[in-house]
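Peer 1: let's see this in three dimensions:
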Amino acid sequence: MELYSFFNSSTSYRVRIALGLKGLAYEYRGVNIRKLEHRAADYVARNPSANVPLLVDGEVQLGQSLAIIDYLDATYPEPRLIPQDKMRRARVLEVALAIACDIHPVNNLRILKYLTDVIGVTEEQKKAWYDHWIQDGLAAVERLLQAHGSGPYCFGDAPTLADCCLVPQVGNAQRMGCDTSAYPRVMAVYEHCQQQPAFQQAAPAKQPDYSS
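Peer 2: From the prediction side, this is the model:
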């Protein structure tokens, strides 16, 4: 198994956590998205999404982090990260998608570069943009967890897809200097996960292509 990843990509981070939780070994292939390596023709031929991550598992070549984690759950089902019970599954997906669809897409690297390089916003304006969507998005996640979450993880005593999405997003928010103190439930889950080996080994600073 191979994972094409960038150390600071939160989508890659999600998949690294999932692989670690499932105890699956893989070869790490660094793709420097800052140098546009994800746009190279040979890479796009393998991953039409032209982004990271890309999982290669035998004949399977699959992009998009949530699709990859769903594939891992179907192929290597223990431990399950997307519950089979319909209501638990719905709650986990509700939080995961609140992060993956509402927060991440407006704050990822290509959006931030477009804001500065094409529209010409200042660094202060870029920071304000980032912080606004973090605060808006994490407030929603906090409300969801306060209403439906339980236990040390988002939903109970075992990690799920929701935790795989939450940890990278909070990590990015902290790296960008956002104040996350208004979200105690979110931060309690984040801090608990930070103590677990699978999350620790998936962290950006632990990756072969890490650079400060």
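
Peer 1: report how many residues lie close to residue 49.
Peer 2: Neighbour count of residue 49, defined by other CB atoms under 10 Å: 14. In this view, the C-beta of every residue, glycine as well, is placed from N, C-alpha and C.

Peer 1: helix, strand or coil for it?
Peer 2: Three-state assignment for residue 49 (DSSP: H, G, I helix; E, B strand; the rest coil): coil.

Peer 1: if I look at it, how far off is residue 12?
Peer 2: 13 Å (CB to CB, to the nearest Å).

Peer 1: what do you get for residue 178?
Peer 2: Distance from residue 178 to residue 12, counting by CB to CB: 21 Å.

Peer 1: cool, residue 91 as well?
Peer 2: Using CB to CB, residue 91 is found at 25 Å from residue 12.

Peer 1: more neighbours: those two, which one.
Peer 2: Neighbour tally, residue 91 and residue 12, criterion other CB under 10 Å: the higher count belongs to residue 12, 28 against 21.

Peer 1: what's near enough to touch the more buried one?
Peer 2: Contacts for residue 12 (CB atoms under 8 Å, 6 or more residues apart in numbering) come out as 3, 5, 6, 52, 53, 65.

Peer 1: same deal with residue 27?
Peer 2: Residue 27 sits in contact with 1, 2, 3, where contact means CB under 8 Å, 6+ apart.

Peer 1: SS state for residue 180?
Peer 2: Under three-state DSSP, residue 180 comes out as coil.

Peer 1: which helix is the longest one in the chain?
Peer 2: Of all the segments assigned as helix in the chain under DSSP state H, the longest by residue count is helix 123-148.

Peer 1: residue 116: neighbour count?
Peer 2: Using other CB under 10 Å, residue 116 has 13 neighbouring residues.

Peer 1: wait, it sits on residue 124?
Peer 2: No. Distance between residue 116 and residue 124: 11.1 Å, which falls outside the contact criterion (CB atoms under 8 Å).

Peer 1: show me what residue 56 bridges to in the sheet.
Peer 2: Judged by DSSP bridges, the bridge partners of residue 56 are residue 2, residue 61.

Peer 1: surely it meets residue 5?
Peer 2: No. Residue 56 is beyond contact range of residue 5, at 11.5 Å (criterion: CB under 8 Å).
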